[in-house]
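Student: Give me coordinates for this.
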Amino acid sequence: MALLAACSAQSPPPPAPPKVGVVTLRAEPVELTADLPGRVAAAETSEVRPQINGVIRARLFTEGSMVRAGQVLYEIEDAAYRAALGTAQGNLARAEATIGSTTALARRYRGLVDINAVSQQELDNADAAARQARADAAAQRSGVQAARVNLDFTRIRAPISGRIGRSFYTRGALVQSGQADALATIMRTDTVYVDVTQSAAQLLDLKDAIAAGGLSNQGRESARVRLILPNGKTYPIEGRLEFSEVAVDPQTGSVTLRATFPNPQGLLLPGMFVRARLVEGVRQNAILAPQQGITRDPRGRATALVVDAANTVVSRRVIAERPVGDKWVVTSGLAPGDRLIVEGLVAVKPGMKVSVGKPAQVTAAPGAGR
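Tutor: Got it, this is the predicted structure:
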């Protein structure tokens, strides 16, 4: 008996429970965003083309500069069009002179027909000649106007204000009305559009969440949008979602959304690929779990380890819907007040007793470790 008592006195004490860092979860509102691919487009685009045939005499702009609507960009040789205007003006003068003689003759015949000095037929012929002269003069006036328009077209003007690109034609080049190739392109980029695409499935999920009351949204037509530039930086000015397409693209199954962005510095260039961060809404009473506390089982399902009131480890199967920063939005499996293990996971398993403490590496939410 004495020997057994001595052995019992010398046996080591039971090991201390492993220490884990926990975060106490709480419900809080969270702003949900979606990153969507997009492309920048100019607010206005105009391809400059000639409206008459001729040879370019001069180019009057600097490539890459700002031009204003109505500014002369090109001049076309106008000698032939000036001559055409002169011919039209001469024809008009002749037609107007004919009006005077025919009108006077018709007036004279009208007085003579009463005394049977001329026949009624001669009066009718004189009246018809006067009307024909007036009609011919009207046609010649239209010819003068058309000649002036063609002469004005020898000075090719900017249809819109904006930045003009390179000139595809030089002095001495022959251009034609209705040609397929533009002389240059003008783009207004002080405000730009960003066209992004969203899958129809995402759009339906979003509408379901709003209808269920789990997501508040002030209206997609006024949603805020931020841009991630190709170099990874965030564009400093926030944009607004203007509208969404009324139909789904049958080839891609996506819906096109258009946002507008101010572009005072010209940083956004048409054709640039960007990522648009669309603010979808605010989810009320969301559970945000640090990503360190969510693991995957061999079947790829999300799991979490929590500590119950008796400091015993309990395994939970959860649904991690989407990441928000360094956390997961958990829609099932965790509740406010749960103590989620975020440090010391490799040393514990379900059913073990643990010692609870604050995490050293993870930013603890208010109340963590209690």
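Student: Let me know whether Arg296 touches Thr303 as I believe.
Tutor: Yes - between Arg296 and Thr303 there is a contact at 7.0 Å, judged by CB atoms under 8 Å. No exception for glycine: its C-beta is placed from N, CA and C like everyone else's.
Student: Neighbour count: these two, which is higher?
Tutor: Thr303 (16 against 10; other CB atoms under 10 Å).
Student: State the distance from the more buried one to Lys19.
Tutor: Using CB to CB, to the nearest Å, we find Thr303 at a distance of 21 Å from Lys19.
Student: low-scoring pLDDT stretches of the stretch 51-200 of the chain, where are they?
Tutor: 109, 111, 113-114, 117-118, 123 (pLDDT under 70).
Student: let's see it at 50
Tutor: Under the criterion pLDDT under 50, no range of the stretch 51-200 of the chain is flagged.
Student: where along it do the helices fall?
Tutor: Along the stretch 51-200 of the chain, counting by DSSP state H, counting those that start in this stretch, helices occupy 79-112, 120-152, 200-212.
Student: what residue is smack in the middle of the protein?
Tutor: Val194 (2.0 Å; CA atoms, centre = their mean).
Student: Could you give the bridge partners of that one?
Tutor: Note on Val194: beta-bridge partners Val40, Ala259, judged by DSSP bridges.
Student: Other residues contacting stretch 173-188?
Tutor: 42-56, 61, 63, 67, 73-74, 76, 156, 158-169, 270 (CB atoms under 8 Å, 6 or more residues apart in numbering).
Student: Could you rerun that using 6 Å?
Tutor: 42-53, 55-56, 158, 160, 162-165, 167, 169, 270 (CB atoms under 6 Å, 6 or more residues apart in numbering).
Student: same check, this time on stretch 285-301
Tutor: Taking CB under 6 Å, 6+ apart as the rule, stretch 285-301 contacts 23, 25, 27, 30, 302-304, 320, 326-330, 334, 340, 342, 362.
Student: ok, of those residues, which come out buried?
Tutor: The neighbour-count test (16 or more other CB atoms under 10 Å) marks 23, 25, 30, 302-304, 320, 327-330, 334, 340, 342, 362 as buried among the contacts of stretch 285-301.
Student: ok so, going back, please flag which of the contacts of stretch 173-188 sit within strands.
Tutor: 42-48, 55-56, 162-164 (DSSP state E).
Student: Check which helix or strand Glu28 maps to.
Tutor: strand 27-48 (DSSP states H and E).
Student: packing partners for that strand?
Tutor: strand 184-199, strand 273-290 (3 or more CB pairs under 6 Å, 6 or more residues apart in numbering; DSSP states H and E).
Student: Those: which one's closest to Ala83?
Tutor: Of all the helices and strands packed on strand 27-48, it is strand 184-199 that lies closest to Ala83, at 28.6 Å by CB to CB.
Student: Let me know the angle separating that closest one from strand 27-48.
Tutor: Orientation note: strand 184-199 sits at an angle of 150 degrees relative to strand 27-48 (axes from the mean of the first three to the mean of the last three CA atoms, to 10 degrees).
Student: chain center to strand 184-199, what's the gap?
Tutor: Strand 184-199 sits 6 Å away from the centroid of its parent chain (CA atoms, centre = their mean, to the nearest Å).
Student: Can you point out the buried residues in it?
Tutor: For strand 184-199, by 16+ other CB under 10 Å, it's 184-190, 192-194, 196-198.
Student: Same list (these) but as CSV, adding distance to Thr87.
Tutor: As requested, these are exported to CSV (distance: CB to CB, whole Å):
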residue, distance to Thr87
Ala184, 32
Thr185, 36
Ile186, 35
Met187, 40
Arg188, 40
Thr189, 45
Asp190, 45
Val192, 48
Tyr193, 48
Val194, 53
Val196, 57
Thr197, 57
Gln198, 61
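Student: from those, which single one is nearest Arg226?
Tutor: Of all those, Arg226 sits closest to Val194, with 10.5 Å by CB to CB.
Student: how about stretch 152-160: buried residues?
Tutor: Buried, per 16+ other CB under 10 Å, within stretch 152-160: 153-154, 156, 158, 160.
Student: could I have it exported to CSV, CA atoms only?
Tutor: C-alpha atoms of stretch 152-160 as CSV (Å, rounded to 0.1, in the frame of the first residue of the first chain):
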residue,chain,number,x,y,z
ASP,A,152,-19.3,75.4,-97.6
PHE,A,153,-18.6,71.7,-97.5
THR,A,154,-15.1,72.4,-98.9
ARG,A,155,-14.4,73.5,-95.3
ILE,A,156,-14.8,70.3,-93.2
ARG,A,157,-15.8,71.2,-89.7
ALA,A,158,-15.8,69.4,-86.3
PRO,A,159,-19.3,68.0,-85.6
ILE,A,160,-18.7,67.9,-81.8
